[in-house]
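Asks: here is a sequence together with a model predicted from it:
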Amino acid sequence: MRGERLKRYKALCLFFSFMLLISACYRAPLREPYRTEELQRLLSQALRASERGDPERAIGMYKEALKLSRLLQDDRNTLIILISLSRLFTQRGQLEEAKDIISSAKALKERQTVDLPYNLLEELQLEEARIEFLSGRFKESEMLLNNLVNSKVLNIRIKALNLLGRIYLEFRRYDEAERAFQSSLGINKSVSMIEEANSHRLLGELYTLIIKDKPSLVPKAEFHLLTALSIDRKLALPDKVGLDMEALGKLYREIADMKRAREYYMRAFEIWQLKGDKKRSEELKRVLEEIEER
Amino acid sequence: MAEIKETDARFLLLRGKVILFAGIALAGIITLLFLIAKQKGLFQKTEEVYFVAERATGLYTGMPVKVSGFKIGRLKDMKLQDDATVRITLSIEASQMKWLREDSYAFLTKEGLIGESIIEIIPGRGRNLMQGERINFERLKGIEEMAGELKGEITVILNEIKELLTYINAPQGDVKKSLSNLQKISEELIETTRATNKLLEELNVRLTSIGDKTEGTLDETKRRLEELSGLINTARISIDSLFRELLETTKDIKALTGQSSKDIPQLLEHTKRSLQDVEEILQSIKGIWPIRTGIKKEDVRPVEGDTHER
């Protein structure tokens, strides 16, 4: 009897101890802090502002978001913000600011505490390559891009090929450049219309460069440049239309069709003047004067 | 009583059993109370800081104090001071005092747009705050205040548009007056033209018989010519006045356009700002629980990079 009772008390004590242990270990699940939602909202608004062509507002909002994401120690969103800021700064020609931003993004990647998604890391690598290219460090840029031309993300692969093609153009490796642009066009089936126009324009520029040795390339060059122009007009991007006009002017000047060259240069000149790009409009003014003199 | 023997085995040691049962129940209750008290933070070491607010609206005792969404303390006490301000005392967990620095800010805000009111601490830099020290305080705008501001702005815009329309539509206003003057002048001009035409027709008829009645008609012609000259003078005067009126009308229209052209950019700026506010409010509303479940969450991605920039 006594032994049975003792057993019962023991079981009771064990049960209480178990309950105490569970209670001590239990922690209520944490609710997602509302600041995280605030950050997401800021990021979407900033992206929309940049897509609407308002980089000033977008930069302001990304800077606000950066403070918040650093406070929350949200590495993924911090990286997205830094990449976006770098791209917005290069859009406005502020290369030094973009370099600083990308340095801090690289530092963040080095000391990352959680695994970042591979596509985001590739975006960062592409941005690094772009900054290196814009700074004239073509070799470094080429090394970074060689890793990205086999990316699983089509958008990144297309951009890497276009940038790589531009590097080959700088090194006068025209055959490789042509292959890169053609491959980019080959995989770009409605992935990115801007990049499609870029590939066509760059191909047109490439053919214009070698037209003296191969005059048979004139129709090809004209076709690619006019295709780029028609896409950019559809997308309503004045900067890109300006680039297309200028490239067409250059092509017609090369083949001594001065009337059409003047016409396209004049339209490009008007666009750069409206955009307030003094450097480009001055250059085109000089070219137009030369054409007039002839 | 001593003669009654407890022979049933179930009643043996009954008192001991009852005491044991009651003891276990009591121990359970005490443990439960202890755990609840622990969870409520009654045994946690806390330190106090305070801030001074102009009014205690929206603040209440026990209100949570949070940093980045995590509760670190609560509002302990509110006292009305002699200068009509309110001294608010916050009780903060001693282990979380590290977030409170010299330039930290306490904000009265809401979790989300219509969530619970909380005191949010924004950690700053500088030295750590000590027990009994003061922290800076600000009140963040709630949706009511934002909506109030927006309403104010929209009211201003609507009033301006109303004034503009009233100015244009006023029966005795410059615009209406100018238009009616123009109408009057054109009617007068038509009349003058008709009279001149009539006179010319009459003159034409008279001229056909001029050969027969040369002498007689010379005086008549002279008279008619004088009449014609008078009419031409009248017409000239009318045309002069017409030009003057036209000039004045043009001036009026120019002044009106000038005034409107000053207002229009302001109106556009107001509208743009209001639309931005509305967009932000809509975004906030989209984040509210029952609504957000029906809205597809946007994937956050970086700005598109360009490989052939200008």
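Replies: Nice, thanks for sending it over.

Asks: what bridges to residue B:106?
Replies: Beta bridges link residue B:106 to residue B:121, residue B:137 when assigned by DSSP bridges.

Asks: that one contacts residue B:53, correct?
Replies: No - counting by Cβ atoms under 8 Å, no contact exists between residue B:106 and residue B:53, whose distance comes to 9.4 Å. C-betas here are computed from N, CA, C, even on glycine.

Asks: mind checking the longest helix of the chain?
Replies: Assuming you mean chain A. In terms of residue count, the longest helix belonging to chain A (DSSP state H) is helix A:2-25.

Asks: wait, I meant chain B there
Replies: Once chain B is assigned using DSSP H, the helix that runs over the most residues is helix B:214-286.

Asks: okay, now residue 13: neighbour count?
Replies: Using chain A. 11 (other Cβ atoms under 10 Å in any protein chain shown).

Asks: hmm, I had chain B in mind actually
Replies: The local packing count at residue B:13 equals 12, with neighbours defined by other Cβ under 10 Å.

Asks: what pLDDT does it get?
Replies: If you check residue B:13, the pLDDT there is 78.

Asks: the one 3 residues further on now?
Replies: At residue B:16, the model reports a pLDDT of 86.

Asks: over to residue B:157?
Replies: According to the per-residue confidence, residue B:157 scores 81 in pLDDT.

Asks: not including adjacent chain positions, what is the nearest residue to it?
Replies: In space, and not counting its chain neighbours, residue B:157 is closest to residue B:270: 5.0 Å by Cβ to Cβ, 6 or more residues apart in numbering or on different chains.

Asks: could you check how far that neighbour is from residue B:150?
Replies: In this view, residue B:270 and residue B:150 are 11 Å apart by Cβ to Cβ, to the nearest Å.

Asks: would residue B:90 count as being in a strand?
Replies: Yes - secondary structure assignment (DSSP: H, G, I helix; E, B strand; the rest coil) places residue B:90 inside a strand.

Asks: just to check, it is in contact with residue B:71?
Replies: No - applying Cβ under 8 Å, one finds residue B:90 not in contact with residue B:71, separated by 11.9 Å.

Asks: closest residue of chain B to chain A?
Replies: Going by Cβ to the nearest Cβ, chain A is nearest to residue B:69 of chain B, at 2.3 Å.

Asks: tell me how many other residues crowd that residue.
Replies: The number of residues packed near residue B:69 is 17, by other Cβ under 10 Å.

Asks: how about residue B:27?
Replies: Burial of residue B:27, expressed as a neighbour count using other Cβ under 10 Å, amounts to 11.

Asks: just residue A:282 next, same as before
Replies: Counted with other Cβ under 10 Å, the burial measure for residue A:282 works out to 12 neighbours.

Asks: where do the contact lists of residue B:106 and residue B:53 overlap?
Replies: Common neighbours of residue B:106 and residue B:53 (criterion: Cβ atoms under 8 Å, 6 or more residues apart in numbering or on different chains): residue B:137.

Asks: so these two - more neighbours on which side?
Replies: When neighbours are counted by other Cβ under 10 Å, residue B:106 and residue B:53 differ, and residue B:106 comes out ahead with 23 against 18.

Asks: what's near enough to touch residue B:53?
Replies: Neighbouring residues of residue B:53 by Cβ under 8 Å, 6+ apart: B:59, B:85, B:86, B:88, B:108, B:137, B:139.

Asks: hmm, try it at 6 Å
Replies: Under the criterion of Cβ atoms under 6 Å, 6 or more residues apart in numbering or on different chains, the neighbours of residue B:53 are B:86, B:88, B:137.

Asks: excluding covalently adjacent residues, which one is nearest to the first one?
Replies: Closest residue to residue B:86 in three dimensions, ignoring its sequence neighbours and counting by Cβ to Cβ, 6+ apart: residue B:56, at 4.5 Å.

Asks: again with residue B:123
Replies: The shortest distance from residue B:123 to any non-neighbouring residue, by Cβ to Cβ, 6+ apart, is to residue B:99 (4.5 Å).

Asks: how far does the host helix or strand of residue B:154 sit from the chain's center?
Replies: For residue B:154, the enclosing helix or strand under DSSP states H and E is helix B:143-169. With Cα atoms, centre = their mean, to the nearest Å as the basis, helix B:143-169 stands 10 Å off its chain's centre.

Asks: got the angle between the following helix or strand past that helix and helix B:143-169?
Replies: Following helix B:143-169 in sequence order, the next helix or strand is helix B:174-208 (DSSP H and E). The directions of helix B:174-208 and helix B:143-169 differ by 20 degrees, with axes from the mean of the first three to the mean of the last three Cα atoms, to 10 degrees as the criterion.

Asks: average pLDDT for helix B:174-208, rounded please.
Replies: Confidence for helix B:174-208, expressed as mean pLDDT, is 78.

Asks: list the buried ones in it?
Replies: Within helix B:174-208, the residues scored as buried using 16 or more other Cβ atoms under 10 Å in any protein chain shown are B:174, B:178, B:181, B:185, B:188, B:192.
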